[in-house]
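Trainee: have a look at this prediction, sequence included:
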Amino acid sequence: MSNLSGRAAALRRSLGAETAVPVPPGPVPRAAISKAANQEPKAASRALAVEHREAILQFIARVGYTTTRQVAMAVWHKADKSARMCAGRSLRWLIGRNLLMRKRDGETASCEYLHALTRAGVLALNGLDISLPGGKAHGRDWLRYAHSHRNACNDVFALLYASEQAKAAQVAVYSELEIRASLAPLSKLDYKHTDGSRFSKIPDLLLVGPGGVGWVEVENAYRNDRDLNKMLAMMRAEALSEIPRVSRFIFYVTAKGANRIGERLRRALSRDPAARPGTIAAADTKILREMLFVFAIDRDTLTGKALVAPAK
């Protein structure tokens, strides 16, 4: 057995997997066969629980900290009451084994628990050759400095992470934490504003697949005009580039204060062509026809609906 596979087996044992017991040679008594048949459903249920616990640890390693709702979506692919109960049960099991820590999120009305990996949880994941972004030994600092924007980013990441469509299209999703740690193929874009000044922008999330790179912006508050103009300048620069690095700009609305972002973007990109230079008008047309997507996400169910799609 290789060192990595041995560590993986040790991880599964720490998550509740049973160790195989050698069966002595010779005929098996009828009573033993009946007992084994009765135990098969329990064994299958236990194996599934181990898979869920392992999947939870891997998901949390990618986002830094998570809510029960996000775990339900990421692992059970839905965030209804039943899935949240299953997620909560698994999270409590992991906390009881000191693999996770938690704290109340005082920024939300429901004061949900936020969960992060302990040092023991990180060491357990070493069995799968998985480490935390930046080589962190635990997730305590991320939990201590949790903030509303990362909470919203993790909501959207959980939805995209669970998306069967993304998996079928072989699209990789990168979390805000992974982007900040420069683990994504694209961690920032440098561009030039219309006034000649230069800026850098960092995506909130990133989608990478055969169709190119999808730049994701998570809107959890009203975006002021100055920041909106910077965003427009970057989008136009990519639309005009001979070798664009981004093929889609995707906005996720997660708060009421941001629900007009689609309308504001369309209005800015649809002004009278006579009032804009020819190249800018061409870029705006391309963005509207090919590159702009806006979705709203329900923070309770973690489901999304399209608000703006390319007007081809």
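Mentor: Cool, got the structure.
Trainee: C-alpha only now, for contacts and for neighbours.
Mentor: Noted.
Trainee: and the helix or strand harbouring Gly121, what other elements does it pack with?
Mentor: Element membership for Gly121, per DSSP states H and E: helix 119-125. With contacts taken as 3 or more Cα pairs under 8 Å, 6 or more residues apart in numbering; DSSP states H and E, helix 119-125 sits against helix 3-14, helix 30-63.
Trainee: so what does the helix or strand just after that helix touch, helix or strand wise?
Mentor: Following helix 119-125 in sequence order, the next helix or strand is helix 140-144 (DSSP H and E). For helix 140-144, the elements it packs on are strand 100-104, strand 113-117, judged by 3+ Cα pairs under 8 Å, 6+ apart.
Trainee: so what touches the helix or strand just after helix 140-144?
Mentor: Using DSSP H and E, the helix or strand that follows helix 140-144 towards the C-terminus is helix 148-161. If you take Cα atoms under 8 Å, 6 or more residues apart in numbering as the criterion, helix 148-161 is touched by 63, 66, 70-71, 73-74, 77, 107, 166, 173-176, 204-205, 218, 220, 252, 254, 297, 299, 302-303.
Trainee: filter these down to just the buried residues.
Mentor: 63, 66, 70-71, 73-74, 77, 166, 173-176, 204-205, 218, 220, 252, 254, 297, 299, 302-303 (16 or more other Cα atoms under 10 Å).
Trainee: so which of those are in helices?
Mentor: Val63, Gln70, Val71, Met73, Ala74, Ala166, Glu176 (DSSP state H).
Trainee: lowest pLDDT pick from the residues you listed?
Mentor: Among those, Ala166 has the lowest pLDDT, at 72.
Trainee: and Asp298, how close does it get to Gly304?
Mentor: Counting by Cα to Cα, to the nearest Å, the separation of Asp298 from Gly304 is 6 Å.
Trainee: now, which of the ones in helices among the buried ones among the contacts of helix 148-161 sits nearest Asp190?
Mentor: Nearest to Asp190 among these is Glu176, at 18.0 Å by Cα to Cα.
Trainee: distance of that closest one from Ile297?
Mentor: Glu176 is 17 Å from Ile297, by Cα to Cα.
Trainee: and if you look at His77?
Mentor: 15 Å.
Trainee: by mean pLDDT, show me the worst of the helices and strands packed on helix 119-125.
Mentor: Among the helices and strands packed on helix 119-125, helix 3-14 scores lowest, at a mean of 67.
Trainee: how far is stretch 49-56 from where the chain is centred?
Mentor: Its chain's average C-alpha position is 17 Å from that of stretch 49-56, according to Cα atoms, centre = their mean, to the nearest Å.
Trainee: now swap in stretch 183-202 and tell me
Mentor: Distance, centroid of stretch 183-202 to centroid of chain: 23 Å (Cα atoms, centre = their mean).
Trainee: cool, and stretch 75-90?
Mentor: 16 Å.
Trainee: mind listing residues that contact it?
Mentor: Contacts of stretch 75-90 (Cα under 8 Å, 6+ apart): 49, 52-53, 55-56, 68-73, 159, 162-163, 300-302.
Trainee: sorry, back to before: which of the helices and strands packed on helix 140-144 sits most buried?
Mentor: The highest mean neighbour count among the helices and strands packed on helix 140-144, using mean count of other Cα atoms under 10 Å, belongs to strand 113-117: a mean of 24.
Trainee: list the buried residues of stretch 301-312.
Mentor: Buried residues in stretch 301-312 (16+ other Cα under 10 Å): Thr301, Leu302, Thr303, Gly304, Leu307, Val308, Ala309.
Trainee: as a markdown table, those residues with pLDDT and distance to Ile280 would be great.
Mentor: Listed next are those as a markdown table, based on pLDDT from 0 to 100; distance: Cα to Cα, whole Å:
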| residue | pLDDT | distance to Ile280 |
| --- | --- | --- |
| Thr301 | 92 | 39 |
| Leu302 | 93 | 36 |
| Thr303 | 91 | 35 |
| Gly304 | 88 | 31 |
| Leu307 | 86 | 24 |
| Val308 | 82 | 21 |
| Ala309 | 81 | 20 |
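Trainee: domain ranges for this protein?
Mentor: 3-146, 151-308 (automatic domain parsing).
Trainee: which stretch in those is the model least sure about?
Mentor: Among the domains of the chain, domain 3-146 carries the lowest mean pLDDT (a mean of 82).
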